[in-house]
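> One predicted model, sequence on top.
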Amino acid sequence: MISRKNIKSKDISFLQKQNCLYISDFRAISESMSYSIPAMWKYENLLPWVLKNENVCVNEGAVELNFRNRNNLIILPHGSNPKISIFKKVSNKIIKEHRIKELWVAVPHPDADILAKKYNLKLNYTYQTFNILNDKLKQKKLLQDLTPNYEIIDSIEQIIALKKNNRNGFIKRRHGSGGYTVFKLKNVFDSKFEDLFKKTPNDWYFEEFAEGEPHSIQCFKTAGLEDIVVFGFTKQHILEERYFTGSSIYSTDKINEKVWAQLKKSLKNFSSMFKSYEGFFGIDFMIDSKDIILILEANIRMTAATIPTLISNDLNTNHSEYREDACIEKNNIRNLILTEDKTNNLSDQLKLY
C-alpha cells in the first residue's frame, strides 16, 4: 500500500533499534569518494535530530548543536582528512562497550560493509545494493513514460550530434547525485565533462529538458513490509538548474489529487526495487502548469531533505524552509541550526513557520 502521512520520527520503527549503532556518512554520494571535501563532516551530525535514546556516532561538532532529544552520542573526532569515512573510526571497544549487534547507515559506504563484516553486525543497506538501486537508467526503464525522454550516450560524437540538432536537455551520469555530474548540453564542453567521460565512458545519458517546477517527495519503507509511506512534500530550490540549495517543506496534504495519482503510479512502477529495502528515499520530479509530472530520479537513501522534513513533522509545522550551506546565524532563534560546516563557516538551517 502507498500512503501519505505526516509521520513523526518516533513512529518509524527502524529508528528505534536496540543494540544498534546509527551512522550518517554522505561520502558515497559525492562525485568521487577520493575527493577531499570538508563539507562531508557536517553530515555526520544529522541523525541525532530524529533519534531518541539510541547509540549514534557523530564528530565533535555535534556538541554545539541543540538536539531536541537525548541520545548516546559516540564522538569520533573528524581529524584533518575529510576523505576518511566515519566508519573507519569505529573501534572494537565501541562495539563491545555498547553491545552493538546491528549497524544502521543513512547512506551506504564500502567501509560500512567492511565494519559490519568485521564484527558480524546486521547491516540495513549494503554498498552493492545501493549502486544497483540508484542506477538512474534502470530507474527510467521502470518509469517508462513517467520520466523525460532520454538516450544512453556512447560517444562524444553522439553529444556533438545532439547539439547540432538543437536538443534541449542535460548530460547526466547514471550514478550521479547532487548536480555535480549534471551538465547542460548547450555548454557541456565548457566544463570538466570530457575528463569525466574518458574515465567512465559507459556511465552517461542524455535527458530532455522537462518543463515545470522542481519538487520532491520524501518516503520510507520498512523491511518485510510492502507499504511505502510518503511523509514529506517539498518544492526544491535549484541553482543554475543543477545544484540543490534547499527546499520549501509542506504538509503532504498539499499534494493535489491529480499529482498524487501520478506519484502513486510511479511508486508502483518502482515497487520491484523496494522489495527488501529498508530506509528513507526521495523522488525528484517536475510539475508543469497542467499538473502533469515527470520523474527525474529516485535517490534510494537518506536525502538532504529527510531530516528537516521529519523535524517539521515532529513539530507539527505546515510549512518550513530548509536552507543548505547558509551563513551561520546563531542569533536568529527562529532558525534551527541542523549542522555546521566550520571549514567554510556555513550551516544547514531550518526556518519554522
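Received it, and whenever you're ready, just let me know what you need. Since the structure is predicted, the reported quantities are computational estimates derived from the model, not experimental observations. Numbers count the residues shown, from 1 in each chain.

> check contacts around the spatially closest residue to Pro77 that is not a sequence neighbour.
Excluding its sequence neighbours, the residue lying closest to Pro77 (Cβ to Cβ, 6 or more residues apart in numbering) is Glu60, at 5.4 Å. For glycine as for every other residue, the C-beta is placed from the backbone atoms N, C-alpha and C. Contact analysis of Glu60 by Cβ atoms under 8 Å, 6 or more residues apart in numbering lists 75, 77-78.

> Asp227 versus the residue nearest to Ala28 when sequence neighbours are not counted, what's the distance?
Excluding its sequence neighbours, the residue lying closest to Ala28 (Cβ to Cβ, 6+ apart) is His109, at 4.8 Å. Using Cβ to Cβ, to the nearest Å, His109 is found at 27 Å from Asp227.

> Where does Ser216 sit: helix, strand or coil?
strand (DSSP: H, G, I helix; E, B strand; the rest coil).

> Can you check the distance spanned by stretch 14-34, start to finish?
31 Å (Cα to Cα, to the nearest Å).

> Going by neighbour count, list what's buried in that stretch.
14-15, 17, 20-31 (16 or more other Cβ atoms under 10 Å).

> thinking again about what came up before, make a ChimeraX selection of the buried ones in the contacts of Glu60.
To isolate the buried ones among these in ChimeraX, judged by 16+ other Cβ under 10 Å, type:
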select :78
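
> Sort out for me which of the contacts of Glu60 are in strands.
Those of the contacts of Glu60 mapping onto strands are Ile75, per DSSP state E.

> Is it possible to get TSV of the contacts of Glu60 that adds distance to Ile86 and pLDDT?
Listed next are the contacts of Glu60 as TSV, based on distance: Cβ to Cβ, whole Å; pLDDT from 0 to 100:
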residue	distance to Ile86	pLDDT
Ile75	11	98
Pro77	10	96
His78	8	94
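
> Can you show me the helices along the stretch 201-350 of the chain?
Per DSSP state H, counting those that start in this stretch, the stretch 201-350 of the chain carries helices over the ranges 257-270, 306-314.

> Ok, which of those helices comes nearest Leu115?
Closest of the helices of the stretch 201-350 of the chain to Leu115 is helix 306-314, at 22.2 Å (criterion: Cβ to Cβ).

> Work out the gap between the closest one and the centre of the chain.
14 Å (Cα atoms, centre = their mean, to the nearest Å).

> buried stuff in that helix?
With the criterion 16+ other Cβ under 10 Å, helix 306-314 contains buried residues 306-314.

> Relative to Lys10, which of these is nearest.
Nearest to Lys10 among those, with distances taken as Cβ to Cβ, is Asp314, at 7.6 Å.

> residues in contact with the residue nearest to that closest one when sequence neighbours are not counted?
The shortest distance from Asp314 to any non-neighbouring residue, by Cβ to Cβ, 6+ apart, is to Lys8 (5.0 Å). Listed by Cβ under 8 Å, 6+ apart, the contact partners of Lys8 are 310, 313-314.

> Could you dump these into JSON lines and include distance to Ala261 and pLDDT?
Below are those laid out as JSON lines (distance: Cβ to Cβ, whole Å; pLDDT from 0 to 100):
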{"residue": "Leu310", "distance to Ala261": "25", "pLDDT": "97"}
{"residue": "Asn313", "distance to Ala261": "23", "pLDDT": "97"}
{"residue": "Asp314", "distance to Ala261": "28", "pLDDT": "96"}
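
> quick revisit: what about the residue nearest to Ala28, neighbour count?
25 (other Cβ atoms under 10 Å).

> Would you reformat the helices of the stretch 201-350 of the chain as CSV and include distance to Leu143?
Putting the helices of the stretch 201-350 of the chain into CSV (distance: least, Cβ to Cβ, whole Å) gives the following:
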stretch, distance to Leu143
helix 257-270, 6
helix 306-314, 22
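
> Farthest pair within the buried residues of stretch 14-34?
Lys17 and Glu31, at 31.8 Å, using Cβ to Cβ across those.

> so what's Ile228 bridging to?
When assigned by DSSP bridges, Ile228 has beta-bridge partners Ile2, Lys221.

> So it sits against Lys275, correct?
No: with contact defined as Cβ atoms under 8 Å, Ile228 does not reach Lys275; the gap is 11.4 Å.

> Which one's more surrounded, the two?
More crowded of Ile228 and Lys275, by other Cβ under 10 Å: Ile228, with 21 against 10.

> And that one, what's its pLDDT?
Per-residue confidence (pLDDT) for Ile228: 93.

> and it, what is it in contact with?
By Cβ under 8 Å, 6+ apart, Ile228 lies in contact with 1-3, 219-221, 267, 271, 274.

> can we see that at 6 Å?
The neighbours of Ile228, taking Cβ atoms under 6 Å, 6 or more residues apart in numbering as the test, are 2, 219, 221, 267.

> Export those residues as a markdown table, with columns for neighbour count.
Below are those laid out as a markdown table (neighbours: other Cβ atoms under 10 Å):
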| residue | neighbour count |
| --- | --- |
| Ile2 | 17 |
| Cys219 | 25 |
| Lys221 | 22 |
| Leu267 | 20 |
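
> Return the member of these nearest to Gly282.
Closest to Gly282, out of all of those and judged by Cβ to Cβ, is Cys219, at 7.0 Å.
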